[in-house]
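Peer 1: using only what follows, build the 3D model:
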Amino acid sequence: MAPTDTSVTRMDAGDSSAPTACTDGMRNGDETSLDCGGSCPPCSDGSGCSVGADCASGVCRAGFCLVPNCMDGAANGDESDVDCGGSCDPCDGGLSCSAGTDCRSGICEAGICAVTGCTDGTRNGEESDVDCGGSECPACFGGSMCAAAEDCLSMICSAGFCTTATCDDTVRNAEETDIDCGGSRCPGCATGLACMAPGDCADGVCSATVCLAPGCADGVHNGDETDVDCGGSTCMTRCAETEMCMDGADCDSGVCGAGNTCEAPTCTDGVHNGGETDVDCGGAGSCPRCADGLDCMDPSDCLTMTCTSGSCGTVSATGCRDGSVEVTWDADVHGCRGPTQTWQAYFDNQATYCNTGWRMARGWIVNAHLTGPGYTDDVKYTFDGELCGSSAWVFATRHDGYSQSRSSCGWSNSHHWSLGTAPGNVAEGIVCERTP
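Peer 2: Below is the predicted model of the structure:
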């Protein structure tokens, strides 16, 4: 049997092809430092290196391995992912983790950090309390933990807790549009303060995010107005019927009713309104005529039918002239029987019997006992309202069918009857009424 070859082939240590020993106490092969780097285990901090893989920290700078830190761009030290986890800041959602403390969300599932949420029921991320505070979640309500004023709805963080927003805390917070005003809870803001809508302003006018002073044409019930743009001491416009009022001065009619609404003018409301020329009288409406001394625009406004310099004048209250016998049917119609007179035209103008401001009443029948040349007649006449020319004679219609002539704007001479005894014609009387 052939003898076994027990010789060992030695290789020159200077031969670069010789196998490298990572524990031979020598820097050789592709090592970057003694027994480390290259294909050997990574080197410790401060050792030489060529690339980050040569270092246990994973960081090679200027040929030396650096101590791990949270800003070196490598997952090293106790980090669970690059520059996060462990003793570094927590990792964002989706990065590697070993425990919930490695994650911003506080939740590590299957080695991956859960995404932070403001509705996950956990205080995580930058939240100062559960699902509130920080830069991403809504501000916290009163009583929640906080780190800064911005964490709180009230914008007040006191001793680590948010206070509850109020309308007198001198801070613009919650829904307020300016300090302690605006929004749905606090009073409206004064003129010049910030607003988002008319309701944020005390006077209900918001323009370009600024509250404006009340005006009489802004379409809003504000200032001391009693209704929209009317009434009160500032606006010249008075309120129309059915609009709100505090007193008569607020209303166009001058009448503020029991329900604090303006009412339509009437002839019995004790106010000079509507078309009246004075209180409850005059004008073209249905109100009665005004008494003497009251204001008027036209004689028709006055009981006496006399309007002088805007005031109703004085006219006798009686219908009949002095010396006549008066029979009163009512306040505005008087019957008059005159004394005997000589040779007056029958139914002479109203000046014969009727006082100033009165006239002969149309449609009233007057009895007359007439004696003409060659006959005696008892007839009834009705005044037809026509005065005849400069003679001031008036026409009457005879009720016995006898035709009367009207020559020369009067009756024929044979029918110009007197009111006296000569030649015997007697008028029983006429009727006077107030001149309209």
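Peer 1: sec struct for the spatially closest residue to Gly117 that is not a sequence neighbour, please.
Peer 2: Nearest residue to Gly117 in three dimensions, chain neighbours excluded: Ser105, at 7.3 Å (CB to CB, 6 or more residues apart in numbering). In this view, the C-beta of every residue, glycine as well, is placed from N, C-alpha and C. Judged by DSSP: H, G, I helix; E, B strand; the rest coil, the three-state class of Ser105 is coil.
Peer 1: how does this structure divide into domains?
Peer 2: Domains of the chain are assigned by automatic domain parsing as 275-314, 325-434.
Peer 1: those: lowest mean pLDDT?
Peer 2: Among the domains of the chain, domain 325-434 has the lowest mean pLDDT, at a mean of 42.
Peer 1: do a quick rundown of the strands in the stretch 101-250 of the chain.
Peer 2: Taking DSSP state E, counting those that start in this stretch, the strands of the stretch 101-250 of the chain run over residues 108-109, 112-113, 157-158, 161-162, 206-207, 210-211.
Peer 1: for the record, mean pLDDT for the last one?
Peer 2: By that I understand strand 210-211. On average, strand 210-211 scores 96.
Peer 1: need the contact partners of it.
Peer 2: Contact with strand 210-211 is made by 188-195, 200-203, 205, as judged by CB atoms under 8 Å, 6 or more residues apart in numbering.
Peer 1: swap the cut-off to 7 Å and go again
Peer 2: By CB atoms under 7 Å, 6 or more residues apart in numbering, the residues outside strand 210-211 that reach it are 189-195, 201, 203, 205.
Peer 1: where does pLDDT dip in the stretch 51-200 of the chain?
Peer 2: Counting by pLDDT under 70, the stretch 51-200 of the chain shows no low-confidence range.
Peer 1: what ranges do the helices span in it?
Peer 2: Using DSSP state H, counting those that start in this stretch, no helices are found in the stretch 51-200 of the chain.
Peer 1: Gly140 touches Cys152, doesn't it?
Peer 2: Just to correct that, residue 140 is Cys rather than Gly. Yes: using CB atoms under 7 Å, Cys140 is in contact with Cys152, at 5.5 Å.
Peer 1: any residues in contact with both of the two?
Peer 2: Common neighbours of Cys140 and Cys152, using CB under 7 Å, 6+ apart, are 146, 162.
Peer 1: just the pLDDT at the nearest residue to Val255 once chain neighbours are set aside, thanks.
Peer 2: Spatial nearest neighbour of Val255, chain neighbours left out: Glu263 (4.5 Å); criterion: CB to CB, 6+ apart. Note on Glu263: pLDDT of 95.
Peer 1: for Glu263, give me its contacts.
Peer 2: With CB under 7 Å, 6+ apart, Glu263 has these contacts: 241, 253, 255, 257.
Peer 1: can I have the buried ones of these as a ChimeraX selection?
Peer 2: The buried residues among the contacts of Glu263 can be selected in ChimeraX (16 or more other CB atoms under 10 Å) with this line:
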select :253,255,257
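Peer 1: and which of the contacts of Glu263 is nearest to Cys60?
Peer 2: Glu241 (94.0 Å; CB to CB).
Peer 1: residues contacting that closest one?
Peer 2: Counting by CB under 7 Å, 6+ apart, Glu241 makes contact with 253, 262-264.
Peer 1: could you do Glu176 as well?
Peer 2: Taking CB under 7 Å, 6+ apart, we find Glu176 in contact with 182-183, 186.
Peer 1: what does Asp247 give?
Peer 2: Residues near Asp247 by CB under 7 Å, 6+ apart: Cys256.
Peer 1: ok, now Pro265?
Peer 2: With CB under 7 Å, 6+ apart, Pro265 has these contacts: 253, 255, 271, 273-274.
Peer 1: got it, and His272?
Peer 2: Residues in contact with His272 (CB under 7 Å, 6+ apart) are 278-279.
Peer 1: now with 8 Å?
Peer 2: His272 touches 254, 278-280, counting by CB under 8 Å, 6+ apart.
Peer 1: now, which of these lie within helices?
Peer 2: Judged by DSSP state H, the subset of the contacts of His272 located in helices is empty.
Peer 1: can you say which two of these are spatially most distant?
Peer 2: Between any two of these, the greatest separation by CB to CB is 12.9 Å, found for Gly254 and Asp278.
Peer 1: and Met246, how far is that from Glu225?
Peer 2: Distance, Met246 to Glu225, by CB to CB, to the nearest Å: 10 Å.
Peer 1: same question, Ala21
Peer 2: From Ala21 to Glu225 the distance is 102 Å (CB to CB).
Peer 1: of those two, which one has the most company?
Peer 2: Shown here are Ala21 and Glu225; by other CB atoms under 10 Å, Glu225 has more neighbours (24 against 13).
Peer 1: residues in contact with that one?
Peer 2: 214, 216, 231-232, 234-235.
Peer 1: give me the neighbour count for the nearest residue to it once chain neighbours are set aside.
Peer 2: Sequence neighbours aside, Gly232 is the residue nearest to Glu225 in space, at 4.7 Å (criterion: CB to CB, 6+ apart). Number of residues near Gly232 (other CB under 10 Å) recorded here: 21.
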